[in-house]
Structures are given as structure tokens and as C-alpha cells.
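*Asks:* build me a model:
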Amino acid sequence: MLARMALLLKWALYAVALVAVSYLYPAVRVDGFGSALIAALVIGLLNAVLRPILVLLTLPVTLVTLGLFLFVINALMFWAAGSLLAGFHVNGFMAALIGSLLYSALGLLIDAALRR
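*Replies:* Below is the predicted model of the structure:
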């Protein structure tokens, strides 16, 4: 029961982080909190299912770029979620890159706060 509540809290906080990204960076737009909840879920699912496959397939490029290509993979996951959902919009790859960086930074803060 407690684990479910923690998961729901984390999901809600990641949705709030997505809304915050849309306020901080206007090239990323979220139509409402419900859309942010769905977008946070889809981003999480893409990161859990598709991201490991992409990391494995692009391992040589990632090694050559000393890991910087992982930022591109994160941006692609963010951009894919924006392409799949009606209430979440990302205006191009650079917007996805900057938006994913902001979202990841806020995610780090959320994870650090929940560990305490």
C-alpha cells in the first residue's frame, strides 16, 4: 500500500515537473494537468521500454561521444512523447533537447527529495 502511494506521488510530482518545464520553456507546451499526467506516464514508459534498446543499439556512438549521445536519446524520448500525445507539444528537436534537460534536472530534484 505504501509503495503504491509513493509511486502515485512520484508520478504526480513528475507531472508537476512537466508543467514547470512548459512554464520555463515556451517551446514545450502542456495543455493541462491531466495532459501532464498522461505525458509523464508515456515518457516513463518510453524510458522504461524503448530507451534501453536505443542505448544498446547506439553504444558505439555513445562510447565515441563519451556518453553525450545519451542526451540525444533522452531528447528523442521526450520528442516521441510529444508526437504521440494531443495535449503535450514539443516544437522540434532542440526544444526536445532543452525540455528533456530541464525535465531531467527537475526529476533529479524530485528523486532527491523523495529519498529523504
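*Asks:* mind listing what the closest residue to residue 98 other than its chain neighbours touches?
*Replies:* With sequence-adjacent residues excluded and distances taken as C-beta to C-beta, 6 or more residues apart in numbering, residue 98 is closest to residue 25, at 5.8 Å. C-beta: built from backbone N, CA, C; applies to glycine. Residues near residue 25 by C-beta atoms under 8 Å, 6 or more residues apart in numbering: 95, 98, 99, 102.
*Asks:* so what's the gap between the helix or strand harbouring the first one and the chain middle?
*Replies:* If I follow you right, that is residue 95. Element membership of residue 95, judged by DSSP states H and E, is helix 93-115. Relative to the chain's own centre, helix 93-115 is displaced by 7 Å; criterion: C-alpha atoms, centre = their mean, to the nearest Å.
*Asks:* average model confidence for that helix?
*Replies:* Per-region confidence: helix 93-115 scores 96 on mean pLDDT.
*Asks:* same question for stretch 53-63.
*Replies:* pLDDT averaged over stretch 53-63 gives 96.
*Asks:* if we can go back for a sec, ok, the residue nearest to residue 98 to residue 52 distance?
*Replies:* 27 Å (C-beta to C-beta, to the nearest Å).
*Asks:* next: residue 90.
*Replies:* 22 Å.
*Asks:* who has more neighbours out of the two?
*Replies:* Set residue 90 next to residue 52 and count neighbours by other C-beta atoms under 10 Å: residue 90 wins out with 27 against 11.
*Asks:* ok, the nearest residue to that one once chain neighbours are set aside - contacts?
*Replies:* The shortest distance from residue 90 to any non-neighbouring residue, by C-beta to C-beta, 6+ apart, is to residue 82 (3.3 Å). With contacts defined as C-beta under 8 Å, 6+ apart, residue 82 is in contact with 28, 39, 88, 89, 90, 96.
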